[in-house]
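Participant: Predicted structure and sequence below. I'll ask about it afterward.
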Amino acid sequence: MDHADRFINLSLTEPDLAATHVLAAYILKPAEGHDFLNTVASFAAESGRGTQVPLPHEPISRALDVIAYQAEPSTGLVKLAFPLALFDFNMSDGKASITSFLNLLVGNTQSMGEIADLKLHDFHLPQSYLSAFNGPQVTIARHWQHLGRDETAGGMIVGAILKPKLGLRPEGLADAAYRFWLGGDLVENDQPQGNQSFAPLADTLPLMADALKRAQDETGKAKIFSVNITADDPNEMDMRAEAALEAFKATPGSLAFHVDAYLAGPMALTHACRDLPHFVSAHRAGHAAVTSQRSNRGYSAFVLTKINRLMGASGIHTGTMGFGRMEGDEADRPIACMIAQNVAQGPYFEQNWHGMLRSAAIVSGGINALRLPSFLQNLGHSNFILAAGGGAFGHIDGPTAGALSLRQAEACWLARADPFDFAKTHPEFARAFLSFEQDADIIHPGWRAALSPEKPNQ
Ligand code: CAP
């Protein structure tokens with residue numbers, strides 16, 4: 001029996017396989033000089049048994065073969081079915097492992113010489129495997145409850161990523177956060193902010209806790225701080241989390257944890273989600289090295305987001321679907337839907353999460369009050385966490401006005417109001433046009449004439 005006969009079976013259907021296999025959809029292009037179907041067979045063989053030469057004394061059963069059940073030379077679409085028995089489960093508690101999952105789906109097959117392009121775009125998990133993952137233990141409902149909002153659809157949490165990204169001393173960080181909190185709800189550390197010499201955590205955390213308390217006292221509203229606990233070592237992550245919990249003990253419910261989940265990897269995110277009964281945000285800095293739309297290798301941002309829900313992230317950076325400044329487009333909407341619904345359609349598979357708790361989208365990267373309404377229109381709701389950086393701290397009147405302008409932008413969209421009319425009664429939103437003039441010129445070309453009474457120095 002040759003490779004193709006053993007590892008390709010186009011008569012199998014998804015209903016035959018879906019309950020007992022992980023299904024995976026790839027776009028594959030063979031390297032120059034290689035035939036499509038033979039390459040698919042080698043790919044399937046490598047995905048399971050891990051070698052291409054015949055193994056005359058192979059002891060294991062064919063039931064463990066990874067099978068290609070769809071292979072379309074015209075589009076490059078290849079779907080593989082991985083028997084569940086191939087995946088690794090913990091000795092300690094029987095839980096499933098994302099490292100094992102990635103190892104099989106995007107491991108050494110990424111390096112095969114006979115393959116030019118190979119990208120994983122979607123996957124489907126059967127209930128038995130899905131339920132062996134943690135999923136989130138804490139959801140956005142915890143934040144909505146803390147903020148005194150409806151716990152099922154509490155609307156946009158107005159958040160900011162602390163800017164500038166690096167260099168502020170503890171007093172500067174606390175002051176920036178305090179000024180944002182006067183108008184907004186949540187402040188998140190930027191992804192490289194940690195325990196640098198210019199801002200040691202031991203000094204920063206108490207000042208940040210004091211700033212949050214002052215903002216709460218002054219506004220009469222609850223506030224949230226998402227502290228970056230990313231480290232190479234779980235013990236170091238625990239130490240940072242404990243220091244933060246100690247500093248924020250006077251304001252229960254105000255603390256969340258941020259993990260650079262792509263860079264620190266599945267162990268770091270899983271550790272935080274399992275061991276800290278708090279809201280955990282998965283940041284994805286660096287992900288485009290693997291997920292970029294311009295890359296024909298690796299896996300997509302959709303796949304990355306889906307595995308973050310499996311690992312238990314309460315909130316996941318999902319991108320801005322082309323409305324911010326990062327790569328992406330309007331068609332990325334399923335990324336945000338996949339993590340926030342119980343049944344959701346991906347590019348190739350419908351996934352039933354069988355009641356696994358949902359993750360909230362964290363929307364960040366170039367969003368400001370002018371860009372936000374179009375983003376909301378594309379998404380169709382505002383039940384997520386906004387984490388604007390430049391859009392908050394780049395406001396011409398500072399971060400309090402920046403926060404208010406973002407809240408007003410949501411209100412403008414919810415009311416389906418005309419932005420120019422809305423700006424006449426909402427000064428911070430109006431001043432966003434001046435703050436982000438380039439965006440205003442593109443999104444609202446007539447703004448200079450329409451808002452001229454509101455412009456300063458005239
Ligand atoms: C945003 C940000 C965020 C990324 C995350 C940055 O700053 O702090 O980390 O946007 O992107 O450093 O770029 P701005 P994503 O708000 O000033 O753009 O959510 O797409 O992973």
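Facilitator: Received, thanks. Not measured: the values here are computed from a predicted model. Numbers count the residues shown, from 1 in each chain.
Participant: C-alpha from now on. contacts and neighbour counts both.
Facilitator: Noted.
Participant: any idea how this structure splits into domains?
Facilitator: In the domain annotation for the chain, the residue ranges read 4-130, 140-443 (automatic domain parsing).
Participant: first to last residue in the last one, what's the distance?
Facilitator: With CA to CA, to the nearest Å as the measure, the first residue of domain 140-443 is 31 Å from its last.
Participant: okay, the domains of the chain, which one's buried deepest?
Facilitator: The highest average neighbour count among the domains of the chain, using mean count of other CA atoms under 10 Å, belongs to domain 140-443 at a mean of 20.
Participant: and the stretch 51-200 of the chain, which residues reach the ligand?
Facilitator: Those residues of the stretch 51-200 of the chain that sit near the ligand, judged by CA under 6 Å from any ligand atom, are 161, 190-191.
Participant: 8 Å instead?
Facilitator: With the criterion set to CA under 8 Å from any ligand atom, the stretch 51-200 of the chain comes near the ligand through 160-163, 165, 190-191.
Participant: follow-up on the earlier one: could I get the domains of the chain as TSV with mean pLDDT and distance to residue 452?
Facilitator: As requested, these are exported to TSV (pLDDT from 0 to 100; distance: least, CA to CA, whole Å):
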stretch	mean pLDDT	distance to residue 452
domain 4-130	94	48
domain 140-443	96	10
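Participant: looking at those domains, which is closest to residue 451?
Facilitator: In terms of CA to CA, the element of these nearest to residue 451 is domain 140-443, at 6.8 Å.
Participant: Can you give the contact residues for stretch 63-79?
Facilitator: Where contact means CA atoms under 8 Å, 6 or more residues apart in numbering, the residues beyond stretch 63-79 that reach it are 6-13, 23-29, 36-37, 40-41, 44-45, 47-49, 80-83, 85-86.
Participant: Over to the residue nearest to residue 10 when sequence neighbours are not counted. Which of the three states is it?
Facilitator: Of all residues beyond its chain neighbours, the one nearest residue 10 is residue 69 (4.6 Å), with distances taken as CA to CA, 6 or more residues apart in numbering. Counting by DSSP: H, G, I helix; E, B strand; the rest coil, the backbone at residue 69 sits in strand.
Participant: rewinding a little: in strands, which of the residues of the stretch 51-200 of the chain next to the ligand fall?
Facilitator: Among those, DSSP state E puts 160-161 in strands.
Participant: Could you export the residues of the stretch 51-200 of the chain next to the ligand as JSON lines, including distance to residue 133?
Facilitator: Putting these into JSON lines (distance: CA to CA, whole Å) gives the following:
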{"residue": "160", "distance to residue 133": "30"}
{"residue": "161", "distance to residue 133": "29"}
{"residue": "162", "distance to residue 133": "32"}
{"residue": "163", "distance to residue 133": "35"}
{"residue": "165", "distance to residue 133": "34"}
{"residue": "190", "distance to residue 133": "28"}
{"residue": "191", "distance to residue 133": "26"}
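Participant: mind listing the helices for the stretch 51-200 of the chain?
Facilitator: If DSSP state H, counting those that start in this stretch is used as the criterion, the helices of the stretch 51-200 of the chain fall at 98-106, 127-130, 140-146, 170-181.
Participant: For these, give me TSV that also has distance to residue 367.
Facilitator: Putting the helices of the stretch 51-200 of the chain into TSV (distance: least, CA to CA, whole Å) gives the following:
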stretch	distance to residue 367
helix 98-106	31
helix 127-130	33
helix 140-146	20
helix 170-181	16
